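Q: Need the 3D shape of this:
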Amino acid sequence: MQKPKLVVICPVFNEDQATPLFFARFQPVREKLLVDYDIDLLFCNNSSTDGTVAAVEKLRSHHPYIYMITLSRNVGYQRSVDCGLRNAKGDLFVIIDVDCEDPPEMIIEFLAKHREGYDIVYGERIDREEAQWIQSLRKLFYRLMKSVADENIILDMAEFSLMTSEVRDAIVQDKTSFPFIRASIGRVGFNVLGMPYKREGRIAGNTHYNLIGMMFFAIAGILSSSTLLLRLPIYIFPLWLITIISISVAMVNGPEPWMFPALISIFALYVGSTLAFIGIYVARTYKNSLGRPNFIIRRQDTYLQ
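A: Okay, here's the model as predicted:
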């Protein structure tokens with residue numbers, strides 16, 4: 001019987017130092033699994049400006065199962081992963097970062113759980129090497145997103161996961177200009193299992209994330225998974241109306257200097273925030289309606305399966 005094809009998808013951006021070190025850890029994992037699986041390694045090069053392309057090409061010259069997709073510009077992590085999922089050809093798919101914060105050795109455990117019947121197996125991040133207050137903010141973000149999401153959100157997960165081709169096909173049906181893969185994984189359902197682990201320190205190079213980037217990422221995640229901000233003005237309308245009426249009546253009976261500014265402020269805050277929320281979602285709807293591709297593959301430095 002033909003062995004299942006496993007494709008390991010690695011998004012990379014300026015990871016020339018980490019790439020060979022990742023491969024040194026991945027190769028023994030692959031050799032253990034070759035008895036049961038055909039395994040390809042696909043690098044999604046997010047238009048790196050350092051020696052990442054050369055590092056991948058050097059590995060490919062000795063290992064023809066390595067492939068690379070180079071994007072025409074840096075489109076961000078989520079779109080890079082989306083590109084890999086849409087272009088990889090296989091029966092099973094693993095998404096893993098090349099910095100080894102997510103251990104390649106867990107791929108063996110993922111596959112063992114898949115053989116038990118799970119369609120999605122993901123790494124559940126219970127700890128990581130960073131300041132406690134940042135970890136607390138991360139946990140707060142996931143729980144906030146889950147509480148406001150329109151559909152299921154899996155807590156404490158990122159893109160480090162294994163999925164079947166059926167799951168992949170369901171995820172890439174999304175037609176959005178703002179892909180958010182971890183939310184899509186929770187949305188599609190199927191049999192899901194989380195495997196707790198402690199995220200390791202970066203093996204080499206510098207992180208591409210900072211607090212501002214994390215903040216924008218969190219906002220994008222909430223907007224991609226929830227319509228609460230559109231519904232919120234309706235929920236608070238009765239309270240807003242009662243407050244406006246109460247202040248207005250108080251002004252008639254005995255006006256105070258603060259009442260008129262308070263009335264204007266409350267009115268403007270409600271109307272302004274409502275228009276802002278509507279504007280955000282209209283902008284996203286407009287971007288989606290344009291039908292522009294989330295990425296463009298540059299033929300140079302691209303080696304497809």
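Q: who does Ile95 bridge with?
A: Using DSSP bridges, the beta-bridge partners of Ile95 come out as Ile9, Ser161.
Q: Tell me which residues touch it, please.
A: Going by Cβ atoms under 8 Å, 6 or more residues apart in numbering, Ile95 touches Ile9, Pro11, Val81, Gly84, Leu85, Glu159, Phe160, Ser161, Ile181. Using the backbone N, CA and C atoms, a C-beta is placed for each residue, glycine as well.
Q: One more: Phe93?
A: By Cβ under 8 Å, 6+ apart, the contact set of Phe93 is Leu6, Val7, Val8, Ile9, Leu85, Leu162, Met163, Thr164, Ser165, Arg168.
Q: Secondary structure class of it, three-state.
A: Secondary structure assignment for Phe93 (DSSP: H, G, I helix; E, B strand; the rest coil): strand.
Q: Check what pLDDT it gets.
A: Phe93 is assigned 96 on the pLDDT scale.
Q: quick one, phi psi at the residue nearest to Gly189 when sequence neighbours are not counted?
A: Take Gly189 and drop its neighbours on the chain: the residue closest to it by Cβ to Cβ, 6 or more residues apart in numbering is Asn152, 7.7 Å away. Asn152 adopts backbone torsions of phi -70, psi 140, taken as degrees, to the nearest 10.
Q: And the pLDDT for Asn152?
A: Per-residue confidence (pLDDT) for Asn152: 72.
Q: ok, now the one 10 residues further on?
A: In the prediction, the pLDDT value recorded for Leu162 is 94.
Q: same thing with Leu33?
A: pLDDT, Leu33: 93.
Q: what about it, how many neighbours?
A: Residues lying near Leu33 (other Cβ atoms under 10 Å) number 16.
Q: Tyr270 too?
A: 18.
Q: The residue nearest to it when sequence neighbours are not counted and Val29, how far apart?
A: Nearest residue to Tyr270 in three dimensions, chain neighbours excluded: Trp240, at 5.0 Å (Cβ to Cβ, 6+ apart). Note on Trp240: its distance to Val29, by Cβ to Cβ, to the nearest Å, is 57 Å.
Q: What residues does the residue nearest to Gly189 make contact with?
A: With contact taken as Cβ under 8 Å, 6+ apart, Asn152 is in contact with Gly186, Arg187, Gly189.
Q: and which of these is nearest to Leu223?
A: Arg187 (14.6 Å; Cβ to Cβ).
Q: so what does the host helix or strand of that closest one touch, helix or strand wise?
A: Using DSSP states H and E, Arg187 sits within helix 181-188. Contacts defined by 3 or more Cβ pairs under 8 Å, 6 or more residues apart in numbering; DSSP states H and E place helix 181-188 against helix 77-87, strand 157-164, helix 165-171, helix 211-225.
Q: Now render these as CSV, adding mean neighbour count and distance to Leu290.
A: Shown next, in CSV, are the helices and strands packed on helix 181-188 (neighbours: other Cβ atoms under 10 Å; distance: least, Cβ to Cβ, whole Å):
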stretch, mean neighbour count, distance to Leu290
helix 77-87, 22, 15
strand 157-164, 23, 26
helix 165-171, 18, 21
helix 211-225, 15, 17
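Q: Could you export those to JSON lines, including columns for distance to Met251?
A: Below are the helices and strands packed on helix 181-188 laid out as JSON lines (distance: least, Cβ to Cβ, whole Å):
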{"stretch": "helix 77-87", "distance to Met251": "50"}
{"stretch": "strand 157-164", "distance to Met251": "52"}
{"stretch": "helix 165-171", "distance to Met251": "55"}
{"stretch": "helix 211-225", "distance to Met251": "38"}
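Q: Where among the ones you listed is average confidence lowest?
A: Among these, helix 211-225 has the lowest mean pLDDT, at a mean of 70.
Q: which of the residues in the helix or strand following that one are buried?
A: From helix 211-225 onward toward the C-terminus, using DSSP H and E, the following helix or strand is helix 228-253. Residues of helix 228-253 classed as buried by neighbour count (16 or more other Cβ atoms under 10 Å): Leu229, Pro233, Trp240, Thr243, Ile247.
Q: for the protein, what helix or strand is lowest in average pLDDT?
A: Using mean pLDDT, DSSP states H and E, helix 211-225 stands out as the lowest-scoring helix or strand of the chain, at a mean of 70.
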